[in-house]
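Engineer: My questions are about this predicted structure, shown below with the sequence.
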Amino acid sequence: MKDDRLVEMRVFKAVAESGSFTAAAHLLGISQPFVSQTVTSLEKRLGVQLLHRSTRNQRLTTEGDAYLTVARKVLDDVEQAEDLVRSPEPAGDLRLSAPLAFGMDQVVPQLAGFMEAYPRINLHLSLSDTLVNLLEDHFDVAIRMGKLQDSALMSRRLCNLQRIVVASPGYIARHGQPVTPHGLSRHNCLMWQSPMDRLNRWPFMISGSREEFAVNGSFRSSNGWSLFQLCVAGVGIMRLAEHLAVPAIQSGQLVPLLADYQAEDDTAIHIVFLPERKLVPRIRAVVDHMVDAFRQPPWSR
């Protein structure tokens, strides 16, 4: 049976100590609606009002003050209990989230060695291009591509993230190729669907200045692997992450386009985790393993 009482205590404690739902959300690296819903659910379950709400801040009721005292002790006791029995050898359940294409192409090949090195860890892998929330969705670690959102999560950088404009030889034979970025307007470009549609603005260097071009096309997807497969199949042009683009170019499946105009991406691939979990052996183990695996990215060797 699912029991979220410790999560409720952590969220309520953050609200009480920070003074607002927004500040608590920032502190915990979760969404403000989740904070509000959690506190409301807690009050409903207990049958009392814990907070006096106003537009400026949150103030504890008498019941809220009493509950906060107990919640602090319970959370401290939980940490002490885990410290007492925690094995120095990494063990237990570990939930890892990664983007679908990067996960299938790069993360999965690293897991056999990790599981052999840490046989007492039970690994649960979720591959999705949906951005998960570690606390709300109950994940221990996640791999993120692109610029990290402002949050209280801790992160380790795995490697740079560079994207390359590519098309298949078949597409080029049928439709030609753009000579300049302006020529993309006459081509079918494979596009990301919201909330990833920011990636449909492709940056290029024009006369020494960085400019973005909004591309268009007949296919959109929230799934990077499907975009890659359709690019290889000759459906359209794509701005593709280097980990997929470089091997496909080397094998002849794809051809790089507009190389003279390519802009360097100022983004990276990170692994993120909650600050209070950084000393948990199984979390430290997977973070260190991934950092070592991508210190020299496999596609650049």
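Structural biologist: Happy to help now that I have it.

Engineer: For the residue of the chain positioned farthest from its centre, give me the pLDDT.
Structural biologist: Largest separation from the mean C-alpha position in the chain: residue 62, at 39.6 Å (CA atoms, centre = their mean). Reading off the confidence values, residue 62 has pLDDT 91.

Engineer: Give me the distance between it and residue 9.
Structural biologist: Distance of residue 62 to residue 9, given as CB to CB, to the nearest Å: 18 Å. C-betas here are computed from N, CA, C, even on glycine.

Engineer: what's the answer for residue 32, then?
Structural biologist: 18 Å.

Engineer: Mind checking which of the two has more residues around it?
Structural biologist: residue 9 (20 against 14; other CB atoms under 10 Å).

Engineer: That one and residue 249, how far apart?
Structural biologist: Between residue 9 and residue 249 the distance is 52 Å, computed by CB to CB.

Engineer: and if you look at residue 220?
Structural biologist: Distance of residue 220 to residue 249, computed by CB to CB: 24 Å.

Engineer: do residue 262 as well
Structural biologist: From residue 262 to residue 249 the distance is 13 Å (CB to CB).

Engineer: okay, and the common contacts of these two?
Structural biologist: residue 164 (CB atoms under 8 Å, 6 or more residues apart in numbering).

Engineer: Could I get the full set of strands for this protein?
Structural biologist: 51-53, 58-60, 92-98, 121-127, 141-145, 154-161, 163-167, 190-192, 201-206, 209-214, 219-221, 238-241, 255-256, 267-273 (DSSP state E).

Engineer: deepest of the ones you listed, which one?
Structural biologist: Among the strands of the chain, strand 238-241 has the highest mean neighbour count (mean count of other CB atoms under 10 Å), at a mean of 27.

Engineer: what sits against the most centrally placed residue in the chain?
Structural biologist: Centroid-nearest residue in the chain: residue 144, 3.3 Å away (criterion: CA atoms, centre = their mean). When contacts are counted by CB under 8 Å, 6+ apart, residue 144 touches 99, 131, 155, 269-272.

Engineer: Skipping adjacent residues, who's closest to residue 141 in space?
Structural biologist: Sequence neighbours aside, residue 273 is the residue nearest to residue 141 in space, at 4.7 Å (criterion: CB to CB, 6 or more residues apart in numbering).

Engineer: Give me the pLDDT value at the one you found.
Structural biologist: At residue 273, the model reports a pLDDT of 92.

Engineer: List the contacts of the residue nearest to residue 154 when sequence neighbours are not counted.
Structural biologist: Excluding its sequence neighbours, the residue lying closest to residue 154 (CB to CB, 6+ apart) is residue 275, at 5.0 Å. Counting by CB under 8 Å, 6+ apart, residue 275 touches 152-154.

Engineer: And for residue 265?
Structural biologist: By CB under 8 Å, 6+ apart, residue 265 lies in contact with 160-163, 203.

Engineer: Give me the neighbour count for the closest residue to it other than its chain neighbours.
Structural biologist: Using CB to CB, 6+ apart and skipping residues adjacent in sequence, the residue nearest residue 265 is residue 162, 5.0 Å away. Using other CB under 10 Å, the number of residues around residue 162 comes to 19.

Engineer: Let me see the ranges of the helices in the stretch 201-301 of the chain.
Structural biologist: Taking DSSP state H, counting those that start in this stretch, the helices of the stretch 201-301 of the chain run over residues 224-232, 242-250, 281-293.

Engineer: Compare those and give me the one nearest residue 57.
Structural biologist: Residue 57 sits nearest to helix 281-293 of all the helices of the stretch 201-301 of the chain, at 33.7 Å, using CB to CB.

Engineer: For the closest one, which outside residues touch it?
Structural biologist: For helix 281-293, the surrounding residues in contact (CB under 8 Å, 6+ apart) are 86-92, 94, 96, 107, 110, 113-114, 117-118, 121, 140-141, 143, 156-158, 271, 273, 277-278.

Engineer: What residues of it count as buried?
Structural biologist: By neighbour count on 16 or more other CB atoms under 10 Å, the buried set for helix 281-293 is 281-283, 285-287, 289-290, 293.
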